[in-house]
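[1] Compute the structure for the input listed below.
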Amino acid sequence: MVPRPSVSISLMQPIPEPRNTSLAARASDAVARHPVLTALGVLLVAIAVLIALWDWNWFKGPVERRVQAQTGRAFEIGGDLDVDLGRITTIRADAVSFGNAAWSKDPMMAAADHVELDIETWPFLLRREVRIPEMRLGKPRLRLETGPKGVGNWVFGDSQGRVPEFRKLWVDDGRLRYIDPPGRTDIDIKVASRAAPREDASPPIEVDGGGRWKGNRFTLQGRAESPLELRDKEQPYRINLTAQAGATNAHARGTLLDPLRMRDFDLQLALSGQNLEDLYPLIGIVTPATPPYKLDGRLTRDASTWKYDDFTGVVGDSDLAGSASVDTGGARPYLRANLVSKRLDFDDLAGFVGAAPQADGKEASNAELQALAARQAARTRVLPDTPYELDKLRAMDADVRWKAHRINSPTLPLDDMDAHLKLEGGLLRLDPLNFGVANGDIRSIIRMDAREATIRTNAQITARGLDLAKLLPDAKITKSAIGKVGGDIAIAGSGNSVAKMLGSADGDIALGMGHGQISNLLMELAGIDIAEALKFLVTKDRKVPIRCAFGDFAVKDGVMDARALAFDTSDTIIVGNGTISLRDETLDLRLRPRPKDRSIFTLRSPLLVGGTFKDPSFRPDLARVGLRGAIALALGSIAPPAALLGTIDLGGGEDSGCGGQYAK
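    Residues are numbered from 1 along each chain as shown. Below you'll find the model as predicted:
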């Protein structure tokens, strides 16, 4: 019997799958074999789907509350909030606003139509470092202002913790406003980013706007580095800006350190305008009225001291160079300056005495000074009557040295100048105020006390070695004159203008001249010696030795009263008396020529100096001349030759006893 084969089936062995097993079955098998990986994959897919469909606006509330908790200011995202996750996560928000300080009248400090910023994800997740490669702002508006206690609205919240690191900022159609009510300052400017010079640099900004600075309207244009650079208070912030306030123009280019607190500056600053006096309401520096100016120098700041070094330029028709500084740390600003002019136009100093340069079309001037010059020309008086402004004399202190190597003056033989001005608490001293004049010098010490309502002025002036011919350069008849003139002036007066000061002056004035020479024709004409004058006109003039000349005046209430007055030559001595009124600007002098020789055809008589400072007169006493002429006519009716007796001067003038103490 053949054994039959046996077949056994074990229920424990898996049944082979058919070849057409479904994908679902295989997926199920994979899940069964890798449950953890499968679960993670499903989670990631779910997260991706969630992110794609998630409404990020759900986070607006938590973000707003978190910002408010840390800053103490209201924060609102009025539009959509959107996030793109990745190695660089991008956050976008619309209609964003940030609240202002409680004391501000405007509830909003900052706002923007659109804010977009990139954040490096891994540094934030691993080390809590907030790195923002770029932030973009659409139509941002920022309001900076100082409060009642001088604290800015930009000071808020807890300063502890890590500060976000910004690298680039792009501003599109922005606006910045800065308000400082105590400083009467309100600045409103447009801000827009421009292409950066390098790919790794933050884009610079252009600004255009204006407002009021210390109550004065101005405009501002230019370019500056990205506002992000303002965060580092120890790194210079570069600017290139131009500003205009009225007729005053400024161009600043260079760097600032911590600009919001105006700590330190290093700028090249060009200033120009119609009148340096216009700087007072802008920066608090007092200067006299000047013609148009243009200066350029280096502006720096060290603590409370502003320095304007190595500047050069022109003021009116004068060049001006030097260095100046202003210390704002005291009770009043303190100006220190060392100034030099190679060529100084004397007219440009007119503002120091309240006058204006000549308005003849040749001198540099401005509308204000031209109007002042027109008023001066229309006046019947000469001495400046423009009052000094007491508040300005008390507004600052000063220590200024000014040297001029050469002076241009069409009417005065001025050579050079050395002036040292000190001003402290309304007390002004010019010590010295020296001028080189006609190869000699005039040395002065002027003291003006403006601490009370009426300025009290003292002047000590000495003149020595002035060349007689150069003192009268326009008179041909005096060009050959030889001699040295000098004098002393010691006066004191009260008043708030030069005219008032001199019009109330008391003191002494003395002038004198030592040995010299002068035209004999001039002396004969002074005595109306017809015969002698004709002789020199027909033949040749000759020089007459001058023994001396002197004038000694007592000054009381603005009137100079001649105590002694003489001009003594070998030919004639002229003695005089009378008064000169500084108060009324009038002349009333009587000069009596006394010949030392004999001459016929002489009508010698007193010479009368009269009129005003603006329109003086110099004429003979016609009554005396007429009397002498009448005598000649009477003698002529008896016998014609006898008429000569009426015009013969037998001389008799004696030498004066003067010396030459002022000529040295």
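
[2] Check what pLDDT residue 214 gets.
    pLDDT for residue 214: 83.

[3] Can you pull the phi/psi pair for residue 507?
    phi 150, psi -150 (degrees, to the nearest 10).

[4] how many other residues sit next to it?
    If you count neighbours by other C-beta atoms under 10 Å, residue 507 ends up with 17. Any C-beta I mention is one placed from the backbone N, CA and C, and that applies to glycine too.

[5] Double-check it against residue 488; I have them as touching.
    No. Assessed by C-beta atoms under 8 Å, residue 507 is found out of contact with residue 488, at 10.0 Å.

[6] Around residue 129, count how many other residues there are.
    14.

[7] Format the CA atom coordinates belonging to stretch 501-514 as CSV.
    Written as CSV, here are the backbone C-alpha positions of stretch 501-514 (Å, rounded to 0.1, in the frame of the first residue of the first chain):
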residue,chain,number,x,y,z
MET,A,501,26.2,160.2,26.4
LEU,A,502,28.1,163.0,24.8
GLY,A,503,25.3,165.4,25.3
SER,A,504,25.5,165.0,29.1
ALA,A,505,29.3,164.7,29.4
ASP,A,506,31.5,166.3,32.0
GLY,A,507,35.3,166.3,32.0
ASP,A,508,38.3,167.8,30.1
ILE,A,509,39.5,167.8,26.5
ALA,A,510,42.9,169.0,25.6
LEU,A,511,44.6,169.0,22.1
GLY,A,512,48.1,170.2,21.2
MET,A,513,50.8,170.3,18.7
GLY,A,514,54.5,170.9,19.0
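
[8] Please spell out which residues along it are buried.
    Buried residues in stretch 501-514, defined by neighbour count with 16 or more other C-beta atoms under 10 Å: 501-505, 507, 509-514.

[9] For residue 256, name its beta-bridge partners.
    Using DSSP bridges, the beta-bridge partners of residue 256 come out as residue 237, residue 265.

[10] In terms of pLDDT, where does it sit?
    At residue 256, pLDDT is 78.

[11] Check residue 112 too.
    96.

[12] ok, the nearest residue to it once chain neighbours are set aside - contacts?
    Distance criterion C-beta to C-beta, 6 or more residues apart in numbering; nearest residue to residue 112, sequence neighbours excluded, is residue 140 at 4.1 Å. By C-beta atoms under 8 Å, 6 or more residues apart in numbering, the contact set of residue 140 is 110-113, 171, 174-175.

[13] thinking again about what came up before, next step: the buried residues of stretch 501-514 restricted to strands.
    507, 509-513 (DSSP state E).

[14] In a helix, residue 368, correct?
    Yes. Using DSSP: H, G, I helix; E, B strand; the rest coil, the assignment for residue 368 is a helix.

[15] distance of residue 164 from residue 382?
    71 Å (C-beta to C-beta, to the nearest Å).

[16] ignore the last one, residue 589
    17 Å.

[17] where does the stretch 351-500 of the chain dip in pLDDT?
    In the predicted model of the stretch 351-500 of the chain, residues 359-361, 472-481 satisfy pLDDT under 70.

[18] What pairs with whichever helix or strand residue 419 is part of, parallel or antiparallel?
    In this assignment (DSSP states H and E), residue 419 forms part of strand 414-424. Using DSSP bridges, strand 414-424 pairs in its sheet with strand 397-404 (antiparallel), strand 427-437 (antiparallel).

[19] Please convert these to TSV, extending it with mean neighbour count.
    Shown next, in TSV, are these (neighbours: other C-beta atoms under 10 Å):
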stretch	mean neighbour count
strand 397-404	19
strand 427-437	19
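
[20] Make CSV out of these and add distance to residue 236.
    Formatted as CSV, the strands paired with strand 414-424 follow (distance: least, C-beta to C-beta, whole Å):
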stretch, distance to residue 236
strand 397-404, 31
strand 427-437, 39
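
[21] what ranges do the strands span in the stretch 351-500 of the chain?
    Residue ranges of the strands in the stretch 351-500 of the chain, as given by DSSP state E, counting those that start in this stretch, are 397-404, 407-408, 414-424, 427-437, 440-449, 456-467, 484-494.

[22] ok, residue 89 - contacts?
    Counting by C-beta under 8 Å, 6+ apart, the residues that residue 89 touches are 83, 118-121.

[23] Show me what residue 172 is bridged to.
    Here residue 172, judged by DSSP bridges, has bridge partners residue 138.

[24] close enough to count as contact, it and residue 138?
    Yes. Contact criterion C-beta under 8 Å: residue 172 and residue 138 qualify, at 5.1 Å.

[25] what would the strands of the stretch 351-500 of the chain look like in a markdown table with distance to residue 283?
    Below are these laid out as a markdown table (distance: least, C-beta to C-beta, whole Å):
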| stretch | distance to residue 283 |
| --- | --- |
| strand 397-404 | 14 |
| strand 407-408 | 29 |
| strand 414-424 | 17 |
| strand 427-437 | 20 |
| strand 440-449 | 24 |
| strand 456-467 | 28 |
| strand 484-494 | 32 |
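
[26] Residue 347 is nearest to which of those strands?
    Nearest to residue 347, of all these, is strand 407-408, at 8.5 Å by C-beta to C-beta.

[27] Output the contacting helices and strands for the closest one.
    strand 344-345, strand 414-424 (3 or more C-beta pairs under 8 Å, 6 or more residues apart in numbering; DSSP states H and E).

[28] Not counting it itself, show me its contacts.
    Contacts for strand 407-408 (C-beta under 8 Å, 6+ apart): 317, 343-346, 414-417, 435-436.

[29] can you check stretch 202-211 too?
    With C-beta under 8 Å, 6+ apart as the test, stretch 202-211 has contacts from 167-171, 176, 185-197, 217-229, 241.

[30] Going through the residues you listed, which ones are buried?
    By neighbour count, with 16+ other C-beta under 10 Å, those hold 167-171, 176, 185-187, 189, 191, 193, 218, 220-222, 224-229, 241 as buried.

[31] Show me what the helix or strand where residue 222 lies is packed against.
    According to DSSP H and E, residue 222 maps onto strand 216-224. For strand 216-224, the elements it packs on are strand 205-213, strand 237-245, judged by 3+ C-beta pairs under 8 Å, 6+ apart.
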